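Asker: Test case, fold it:
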Amino acid sequence: MKRLLFLLIFLPLTASALSDWQQTEAESAVHKVRQSAEKKTFKQVKGEVKAGFTDSIVDLADLYYEGIGTKKNYKKAYRYYQKAARQGNAYAAYSQAFMLMYGEGVKKNPPKAFHMFSELADNGFELAALEMYRAYQNGNGCEKDAAQARQWLEKAANYRVPTGLLYLGMEVAEEDPVRGFFLLKEAADLEDKRAQYLTALCYQEGKGAPANARRAFEYMLLSAKQHYGPAQWQTAQWYAQGYGTRKSVYQEFRWTRLAALEQVPQAQERLAQMYEEGIGTPIDKKLAKKWYKEAKKNKKEEEAETWN
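Answerer: Numbers count the residues shown, from 1 in each chain. From the prediction side, this is the model:
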């Protein structure tokens, strides 16, 4: 449901995701600038709502929902979405239904949420079509119905909802690789980071389109810049191999580090090795030890999840 007021996807990770020993001075500086801007935005939007600007109500709800410029507060987000929905804002009604479906800031009520999504979808609200697919797929607020789920997924894809294109592309890829690739690429061009990652793999493997190393790298880098861990790790490996781009030990280190921050165990292990041996960065035994420890911990967690 995330309709952010501004996109920050190309900036470094927030401080909450980085400990002191992981942050560079540049990342810390950028974070401080962004944090200051977010607080000013929140203060301005809240002031507009108090002054009676109804168009700003849904923006304030977004800020509370995302925790931008303030602490996350689902209860307040729900209240403002509900208020905007009563004034006829379709996006706010969609957001309210989303929170009702999953019990965010309000008591979970799938049947009511399903009814709201159904009305919105029937009135042509694109994102609601995707939620109808999920509802019928998982039996949320309705009986499971694979045929209905596929019908709504096709509608979401026809509306060019990025996630709808992604899901449908993944569904049809085995039976129709060309159509699967077309759908994934369309979602990728609409900036869906997972679709960008999968499109890159299609170009690498020649699935649904001729193999093309340069195009594969371009799409993988787009996904990596959106902080998608698997893409960051693959980007690092491709820089190491010189696949679709020039070899660069520095870039390998840079993207390995970012993937490690996104909790990719293989990247964490490689980063530890790079610090240990001084590959693309000065030798730092202390950081090497910490990253080996982090990789070991995450591997154990993955193994535990596999057995549960």
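Asker: Quick check: phi and psi on the residue nearest in space to the middle of the chain?
Answerer: When Cα atoms, centre = their mean is applied to the chain, the residue found nearest the centroid is Lys193 (6.6 Å). Backbone dihedrals for Lys193, given as degrees, to the nearest 10, come out at phi -70, psi -40.
Asker: So the residue nearest to it when sequence neighbours are not counted: helix, strand or coil?
Answerer: Spatial nearest neighbour of Lys193, chain neighbours left out: Gln226 (3.9 Å); criterion: Cβ to Cβ, 6 or more residues apart in numbering. Any C-beta I mention is one placed from the backbone N, CA and C, and that applies to glycine too. At Gln226 the chain is in coil, as set by DSSP: H, G, I helix; E, B strand; the rest coil.
Asker: For Gln226, give its distance to Leu258.
Answerer: Remark: distance between Gln226 and Leu258 (Cβ to Cβ, to the nearest Å) = 11 Å.
Asker: The two - which one has more neighbours?
Answerer: Leu258 (23 against 17; other Cβ atoms under 10 Å).
Asker: Domain map for this structure?
Answerer: Recorded structural domains for the chain (assignment: automatic domain parsing) are 32-94, 109-157, 160-226, 235-308.
Asker: Nearest to Met101, out of the ones you listed?
Answerer: Of all the domains of the chain, domain 109-157 sits nearest to Met101, with 3.7 Å by Cβ to Cβ.
Asker: Next secondary structure after the helix or strand hosting Lys75?
Answerer: Taking DSSP states H and E as the definition, Lys75 sits inside helix 74-86. Going down the chain from helix 74-86, the next helix or strand is helix 90-102, by DSSP H and E.
Asker: next SSE after that next one?
Answerer: Criterion used, DSSP H and E; the element after helix 90-102 is helix 110-122.
Asker: Return the set of buried residues in that following helix.
Answerer: Using 16 or more other Cβ atoms under 10 Å as the test for burial, helix 110-122 gives 110, 113-114, 116-118, 120-121.
Asker: go on, stretch 228-247?
Answerer: Here stretch 228-247 shows 228-240, 243-245 as buried, counting by 16+ other Cβ under 10 Å.
Asker: Flag the shaky bits of the chain, pLDDT-wise.
Answerer: The chain contains residues with pLDDT under 70 at 1-25, 27, 303-308.
Asker: let's see 50
Answerer: Along the chain, the parts satisfying pLDDT under 50 run over 1-22, 308.
Asker: what helices or strands is the longest helix anywhere in it leaning on?
Answerer: Counting residues, the longest helix in the chain under DSSP state H turns out to be helix 25-50. Here helix 25-50 is seen to pack against helix 57-66 when contacts are counted using 3 or more Cβ pairs under 8 Å, 6 or more residues apart in numbering; DSSP states H and E.
Asker: just checking, the residue nearest to Lys193 touches Ala195?
Answerer: No - at 10.6 Å, Gln226 does not count as touching Ala195 under the criterion of Cβ atoms under 8 Å.
Asker: so where do the helices sit in the stretch 151-300 of the chain?
Answerer: Counting by DSSP state H, counting those that start in this stretch, one finds helices in the stretch 151-300 of the chain at the ranges 162-172, 177-189, 193-205, 213-224, 229-241, 249-261, 265-277, 285-307.
Asker: so the longest one versus helix 249-261, what angle?
Answerer: If you take axes from the mean of the first three to the mean of the last three Cα atoms, to 10 degrees, helix 285-307 sits at 50 degrees to helix 249-261.
Asker: export the helices of the stretch 151-300 of the chain to a markdown table and tack on distance to Tyr81?
Answerer: What follows is the helices of the stretch 151-300 of the chain, written out as a markdown table (distance: least, Cβ to Cβ, whole Å):
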| stretch | distance to Tyr81 |
| --- | --- |
| helix 162-172 | 20 |
| helix 177-189 | 26 |
| helix 193-205 | 25 |
| helix 213-224 | 30 |
| helix 229-241 | 30 |
| helix 249-261 | 32 |
| helix 265-277 | 37 |
| helix 285-307 | 33 |
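Asker: Compare these and give me the one nearest Asn89.
Answerer: Across these, Asn89 has its closest neighbour in helix 162-172 (21.3 Å, Cβ to Cβ).
Asker: which residues are contacting that closest one?
Answerer: Residues from elsewhere that reach helix 162-172 (Cβ atoms under 8 Å, 6 or more residues apart in numbering): 129-130, 133, 150, 153-157, 179-184, 186-187, 190-192, 194-195, 198.
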